[in-house]
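[1] structure of the sequence below:
(one chain, ligands or ions: 1)
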Amino acid sequence: MAPGVNVVALSGTFGMAQAISFPSAKLRERPVPKDSTSSRRAKPPAVPLSKRHQRDGRRVTEPRGDEGWDLDPADVNAEYASMVERQLALLGEDPAREGLVKTPERVANAMAWLTRGYGQSVEEVVGDALFAEEHRNMVMVRDIELYSLCEHHMLPFFGKAHVAYIPNGRIVGLSKLPRIVEVFARRLQVQERLTEEIAGAIEDVLAPTGVGVVIEAYHLCMMMRGVEKQNSKTITSAVRGSFRDDARTRAEFLYLAHGREAFAP
Ligand SMILES: [Zn+2]
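    Residues are numbered from 1 along each chain as shown. You can find the predicted model right below:
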């Protein structure tokens, strides 16, 4: 179980669980968006940041520490780094001054990390952690930490996700729900679509009786620019199946999602 994750309503027998096959067909990951801007000169195709280097036959997916991973030249996307260098110049900075010399590489690697969801799929993160189970009550993982980037400003939005479903013959390993959130959060997003994509993925993986997802998040593009509304939290929800059609199920879900002290940064 990931730290910071609370499981609220969970009962039933997990000991009798057995692995069942994974419904893969519906779970194709969204393709990496291509650069659609037209240009008079033909440009070489951009290398997506998610095309990471292999090391020892394994793809690097975790930063190794504060500076180590950030500055690992094997992982730097040189084209992205040079773009950041230009960006620094356009901001009126001197990219050659001491504090900024390594910044383009750091930013390139940080952005690769922050958008790594493009290189992941739900199928991959769930793996074989699906189990046959007759439990028919609501399963909820709440307070899943969430960090994403808004697609309009490429500024962070962050908060918590609460994810629930009612099984219909199969359950998923609980640690997989936060990982499904990560697949979609670690892309350029709007909160509304993120909420729907998480609900849709759980529906595809589990074919449950119902799914509910609530996300509450603070958007830096609102907090540190424009309207500068420091304390406005955006709440979105997506409900499917019995969470949409059955008022009591929906009420139970919303009570569990909002029932505790509100999240504050
Ligand atoms: Zn924004």
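[2] tell me the residues of the chain that contact the ion?
    Within the chain, the positions near the ion by C-beta under 5 Å from the ion are Cys150, His152, His153, Cys221. (C-beta placed from N, C-alpha, C; glycine too.)
[3] what do you get if the cut-off is 8 Å, keeping everything else the same?
    Within the chain, the positions lying close to the ion (C-beta under 8 Å from the ion) are Cys150, Glu151, His152, His153, Met154, Leu155, Phe157, His219, Leu220, Cys221, Met222.
[4] make a ChimeraX selection of the buried ones in those.
    Per 16 or more other C-beta atoms under 10 Å, the buried members of the residues of the chain next to the ion correspond to this ChimeraX selection:
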select :150,153,157,219,221,222
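[5] Leu256: which of the residues of the chain next to the ion is nearest?
    Lowest distance from Leu256 to those (C-beta to C-beta) belongs to Phe157, with 23.0 Å.
[6] residue contacts, the closest one?
    Ser148, Leu149, Cys150, Gln189, Gln191, Ala217, Tyr218, His219, Leu220, Cys221, Thr234 (C-beta atoms under 8 Å, 6 or more residues apart in numbering).
[7] each with direction, which strands does whichever helix or strand Asp143 is part of pair with?
    For Asp143, the host element (DSSP states H and E) is strand 139-150. Looking at strand 139-150 with DSSP bridges, its partner strands are strand 6-7 (antiparallel), strand 156-166 (antiparallel), strand 188-189 (parallel).
[8] the domain parsing of this structure - what is it?
    Split into domains by automatic domain parsing, the chain comes to 6-22+127-258, 54-118.
[9] in which helix or strand does the closest residue to the ion within the stretch 151-265 of the chain reside?
    The nearest approach of the stretch 151-265 of the chain to the ion comes at Cys221, 3.1 Å away (C-beta to the ion). Secondary structure assignment for Cys221, by DSSP H and E: helix 220-223.
[10] that helix packs against which elements?
    If contacts are counted by 3 or more C-beta pairs under 8 Å, 6 or more residues apart in numbering; DSSP states H and E, helix 220-223 sits against strand 156-166.
[11] mind listing what's buried in the strand it packs on?
    Quick answer for strand 156-166 (16+ other C-beta under 10 Å): Pro156, Phe157, Gly159, Lys160, Ala161, His162, Val163, Ala164, Tyr165, Ile166.
[12] which of these sit farthest apart?
    Pro156 and Ile166 (32.5 Å).
[13] what about the closest residue to Ala129 other than its chain neighbours, distance to Pro208?
    With C-beta to C-beta, 6 or more residues apart in numbering as the criterion, Ala129 has its nearest non-adjacent residue at 3.5 Å, and that residue is Gly173. Distance, Gly173 to Pro208, by C-beta to C-beta, to the nearest Å: 15 Å.
[14] out of the two, which sits in the busier spot?
    Between Gly173 and Pro208, counting by other C-beta atoms under 10 Å, Pro208 is the more crowded of the two (23 against 16).
[15] who's the residue lying closest to that one once chain neighbours are set aside bridged to?
    Leaving aside its sequence neighbours, Pro208 sits nearest to Tyr165 (C-beta to C-beta, 6+ apart; 4.2 Å). Beta bridges link Tyr165 to Val139, Val211 when assigned by DSSP bridges.
[16] correct me, but Tyr165 touches Val213?
    No - the criterion here is C-beta atoms under 8 Å, and Tyr165 misses it with Val213 at 9.2 Å.
[17] anything in contact with each of these two?
    Ile202.
[18] C-terminal to the helix holding Cys221, what's the next element?
    Next along from helix 220-223, by DSSP H and E: strand 234-241.
[19] buried stuff in that next one?
    So strand 234-241, judged by 16+ other C-beta under 10 Å, has buried residues Thr236, Ser237, Ala238, Val239, Arg240, Gly241.
[20] and for stretch 109-126?
    For stretch 109-126, by 16+ other C-beta under 10 Å, it's 109-123, 125-126.
[21] so who does whatever residue of the stretch 51-200 of the chain ends up closest to the ion touch?
    Taking C-beta to the ion, the ion has its nearest neighbour within the stretch 51-200 of the chain at Cys150, 3.3 Å off. Contact analysis of Cys150 by C-beta under 8 Å, 6+ apart lists Pro156, Phe157, Leu188, Gln189, Val190, Gln191, His219, Leu220, Cys221.
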